[in-house]
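Asks: Everything below, folded, please.
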Amino acid sequence: SIDRRTMKEAGVVLGLLAVALAARPEQIVPTSVTCLVVHDVRANQQVRLEAYGANAIRVRAVPATLDFRDDLVSALIPPVDGVDAGLGHCPHVNLRQTNQLGPSPSALTNGNLHAEVRADGRLTFTRVSDGKVLLQEQTVRAIEPTVTSPPLPGFYTLDLAFDAVDGERIYGLGQHAKLPWDSNYPTNGVLNMKGVPNLLLAPHDGDILIPVAHSSLGYTFLFNLPSLGNVEYNSTVSSWHADAVVQMDIWVATTADSPGSHAVSPWQQLQTSYVDATGHSPVYPEWATGFWQCKLRYSNQSQIMDVVHGYLDRGIKISLIVIDFYSWNDPAPGGLNTLGDETLPKTCWPDPKGMVDDLKALGVELMISPYSHSVSKTSTKYAAAATQGLLATDVTGGPALGYSKGYVYDLFNKEARDYAWANMQAGYVEQYGLHHWWLDCNEPCGGTNNGSFANDWVYNNGTWPAAFVGAAYPHMVNQMIYEGEGAPGKAYLHDNVMLARASWAGSQRFGAAVWSGDTSSTWEDLNQQFKAGLNMMMSGTTYWTTDIGGFGHGDTTDPDFRELVVRWFQWGAFCPLFRLHGDRSGPSWPAGGKGECGQTASNEIWSFGNESETAIAAVMKLRESIRPYVMEQYKAAAANGAPVTRPLFYDFFDDPRAQTVDDQMMMGPDYLVAPVLTKGATERHVYLPPLPVGFVWANVFTGVVHDTTAGGLNITESTPLSGPKFATFPLYHRQSS
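Replies: Below is the predicted model:
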């Protein structure tokens, strides 16, 4: 049911045994194969090299007595190549001893990438076109038996280390922030991940490790294991550690050409290879390019309708509004926590179907945050889930208790995914016509691992410890939604929209958008978010967004916050998804609308004061005007993996200055965005990269044109803090001269 795009099979050339090498007949391999298994007696391992897409090779390693596994959670989609099609045989060779002569029999070349198990057992990856060594193991990978919690048999730790290369820059690896478990992470964020202290291979609120790294040397590295662990790229080593595995599984790709001869951006080549291997994102519907309104939280039906009319009455278009969490709690006397029933209590939501229909008539979609990865004991769905063994278990063997008294589904179990989705479909979809999902807390939250799942939970019918697959639980939540409504033949194939707080490698193929979690309303967070978003989008996430204004601690009456939210809007309008959210303090709107369902502080643009509202309305209208262009970028991302927004070096890969800019970005190929990221800034320094003859940079607000055909320009733009120009910021359009 997964969209499996045909992966281009490049010519595969196997290094041949020299005539002088006395090998048994079974060691002599064909001159053209797609895979090779190398037996390394000294390391007591088998290593499988496999062509896996254009200029790409997958490598797996297992203890010598074990078989390679294809029944595990994988970011990779099955390739269409000679091996899978039954057109070729995977030869086996013994790793030669150091004193043997001749070409290595333990090497595989696929297009422009050559992988070899050296005589000492170390892996090396080389670009064929220029002989550049891209990756080389420092020591042979260590795969050692381990005891999991709770103890389950057959698992190993994995330690993998590659030589560091001076000057190498690393991008991707998901999104990160300075948090208690990443306390050494730079406060203002960082774009180049080389030199960042140890990162956890685990999903947390605001901190998502996507195990893919793109290198300035011209390669992509995927750690295709959903295990908990850690990764670090520093000046001496590039190291990966996994707490529990049954095999090593990595994937490496390079470009089709060498530096200095790139006809297409090397970053674009690598992104295309990555999505070819892990799956292409679908194209989101056109409505998704518009403005999304949200806050913590709209508590009843009238609040939703009042806010939508508030925007429309001001002449401002809105595409989506969101019902946040706890909508499952009935505040009426005797009301229950119905988490898992997938319904809206009538006390606060008297006519959900009518609400959905009324909103659609106004051109507005409705999204809900259902926490459908869990079910409460007071839910009518709990008993069947428990008796059928559909829940994850804790160290005692009992159901795993997560957030809001919800017990967590074992979504690695297909039956559990089907059961949870069937409840969503019978409730929200069939009753109300609701089918857009805010997948909050899908790490899942509520456990003892820094607020996420517990490390001693067990999945897959009691056989997979969290240490083995915990990083991919968000991936399974996303897969559940895709299987239910977004796969080919399903009702919402072309309107399958989900916004998740966490994901994993390959989740883009399920249509999973991601937002950056519960940030704070600070200038430090704005800076950190800017860089985190670029890395997350370089990690394959097509649809990404942030809580405009930050999630927590924003006072709508505070002048500092009002300045911050305007500047955040000016950047947010050029993110793939344009979304306002937050937990604010300040007045509520409309006044007197609390009732028994409750009411929280306003987070609509008119709550930030007249001057800020005017500035924000201007940028909202700007986003509205470029929606066709945004849609073009959605389509390009789905076709070839190009991030909708990306760092300058992505498009200007031959410009040395562009390689170091970390506070500007491109939206598609034509808009250069230099948001104001500093409190009280009245001017902004901007770098405009060189353009070919016939093109110039035009300031979108002033119309001033800059010719950079002779080389990049450093300029300074005014960024007023009041008056009509408060609505402006450094924004440039690439256009014909």
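
Asks: those strands in the stretch 401-550 of the chain, which residues are they?
Replies: Per DSSP state E, counting those that start in this stretch, the stretch 401-550 of the chain carries strands over the ranges 406-408, 437-439, 445-449, 452, 458-459, 464-465, 498-500, 512-515, 544-545.

Asks: What are the buried residues along whatever helix or strand comes next after the last one?
Replies: Moving toward the C-terminus from strand 544-545, the first helix or strand encountered (DSSP states H and E) is strand 552-555. Along strand 552-555, these residues count as buried under the neighbour rule (16 or more other C-beta atoms under 10 Å): 552-554. All C-beta atoms are positioned from the backbone trio N, CA, C, and that covers glycine.

Asks: so what secondary structure elements neighbour whatever helix or strand comes next after strand 552-555?
Replies: Past strand 552-555, further along toward the C-terminus, the next helix or strand under DSSP H and E is helix 559-572. Applying 3 or more C-beta pairs under 8 Å, 6 or more residues apart in numbering; DSSP states H and E, we find helix 559-572 packed against helix 523-538, strand 552-555, strand 578-580, helix 610-625.

Asks: Give me the most central residue, this structure.
Replies: residue 541 (4.1 Å; C-alpha atoms, centre = their mean).

Asks: ok, how many other residues are close to residue 640?
Replies: By the measure other C-beta atoms under 10 Å, the count of residues near residue 640 is 16.

Asks: what's the pLDDT at the spatially closest residue to residue 589 that is not a sequence neighbour?
Replies: Leaving aside its sequence neighbours, residue 589 sits nearest to residue 602 (C-beta to C-beta, 6 or more residues apart in numbering; 3.9 Å). Listed pLDDT for residue 602 reads 96.

Asks: now do the one 5 residues further on
Replies: Looking at residue 607, its pLDDT stands at 97.

Asks: Same question for residue 4.
Replies: Looking at residue 4, its pLDDT stands at 34.

Asks: got the residue ranges for the helices in this structure?
Replies: 266-278, 301-313, 352-361, 382-387, 414-424, 466-469, 473-481, 523-538, 559-572, 610-625, 627-640, 648-651 (DSSP state H).

Asks: Dump the ones you listed into CSV; add mean pLDDT and distance to residue 658 as well.
Replies: Output for the helices of the chain, formatted as CSV (pLDDT from 0 to 100; distance: least, C-beta to C-beta, whole Å):
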stretch, mean pLDDT, distance to residue 658
helix 266-278, 98, 11
helix 301-313, 96, 38
helix 352-361, 98, 43
helix 382-387, 98, 53
helix 414-424, 98, 44
helix 466-469, 98, 39
helix 473-481, 98, 33
helix 523-538, 97, 13
helix 559-572, 98, 19
helix 610-625, 98, 25
helix 627-640, 98, 19
helix 648-651, 98, 4
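
Asks: Kindly state which of these is positioned closest to residue 440.
Replies: Between residue 440 and the helices of the chain, the shortest gap by C-beta to C-beta is with helix 473-481, which sits at 10.4 Å.

Asks: Need the residues that contact the closest one.
Replies: With C-beta atoms under 8 Å, 6 or more residues apart in numbering as the test, helix 473-481 has contacts from 73, 203, 208, 226, 372-373, 411-412, 417, 420-421, 437, 439, 442-444, 453, 459, 496, 498, 500-507, 510-512.

Asks: For the residue nearest to residue 403 when sequence neighbours are not counted, grab the count of nearby residues.
Replies: Counting by C-beta to C-beta, 6+ apart, the nearest residue to residue 403 once its immediate chain neighbours are dropped is residue 446, at 3.2 Å. Residue 446: 21 surrounding residues under other C-beta under 10 Å.

Asks: Could you say which of the helices of the chain is packed most deeply?
Replies: Comparing the helices of the chain by mean neighbour count (mean count of other C-beta atoms under 10 Å), helix 473-481 ranks first with a mean of 28.

Asks: hang on, the earlier thing: figure out which of the helices and strands packed on helix 559-572 is closest to residue 681.
Replies: helix 523-538 (9.8 Å).

Asks: Report all helices and strands that the closest one contacts.
Replies: strand 170-172, strand 544-545, helix 559-572, strand 645-646.

Asks: Next, the angle from the longest one to helix 523-538.
Replies: In other words, helix 559-572. Orientation check (axes from the mean of the first three to the mean of the last three C-alpha atoms, to 10 degrees): helix 559-572 against helix 523-538 gives 20 degrees.

Asks: Kindly export helix 559-572 (C-alpha atoms) in CSV.
Replies: Only the C-alpha atoms of helix 559-572 are listed here, as CSV (Å, rounded to 0.1, in the frame of the first residue of the first chain):
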residue,chain,number,x,y,z
PRO,A,559,5.1,45.4,23.8
ASP,A,560,8.1,43.0,23.6
PHE,A,561,5.8,40.1,22.8
ARG,A,562,3.9,42.1,20.2
GLU,A,563,7.2,42.9,18.4
LEU,A,564,8.2,39.3,18.6
VAL,A,565,5.0,37.9,17.2
VAL,A,566,5.2,40.4,14.2
ARG,A,567,8.7,39.3,13.4
TRP,A,568,7.8,35.6,13.9
PHE,A,569,4.9,36.1,11.5
GLN,A,570,7.2,37.6,8.8
TRP,A,571,9.3,34.5,8.9
GLY,A,572,6.3,32.1,9.4
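
Asks: Identify the residues contacting it?
Replies: Under C-beta under 8 Å, 6+ apart, the answer for helix 559-572 is 521-523, 526, 530, 545-546, 548-550, 554-556, 578-580, 608-609, 611-612, 615-616, 619-620, 673, 675-677, 679-680, 721, 726, 729.

Asks: what do you get if the cut-off is 7 Å, keeping everything else the same?
Replies: 521, 523, 526, 530, 546, 548-549, 554-555, 578, 608-609, 612, 615-616, 619, 673, 675-676, 679, 721, 726, 729 (C-beta atoms under 7 Å, 6 or more residues apart in numbering).

Asks: So what's the gap between it and the chain middle?
Replies: 25 Å (C-alpha atoms, centre = their mean, to the nearest Å).

Asks: one step back: need the per-residue pLDDT for the residue nearest to the centre of the chain.
Replies: Confidence score, pLDDT, at residue 541: 98.

Asks: So what sits opposite the closest residue to it other than its chain neighbours in the bridge?
Replies: Computed as C-beta to C-beta, 6+ apart, the closest residue to residue 541 that is not its neighbour in sequence is residue 514, at 5.1 Å. Beta-bridge pairing for residue 514 (DSSP bridges): residue 500, residue 544.

Asks: Could you pull up the residues touching residue 514?
Replies: Residue 514 neighbours (C-beta under 7 Å, 6+ apart): 500, 503, 536, 541, 544.
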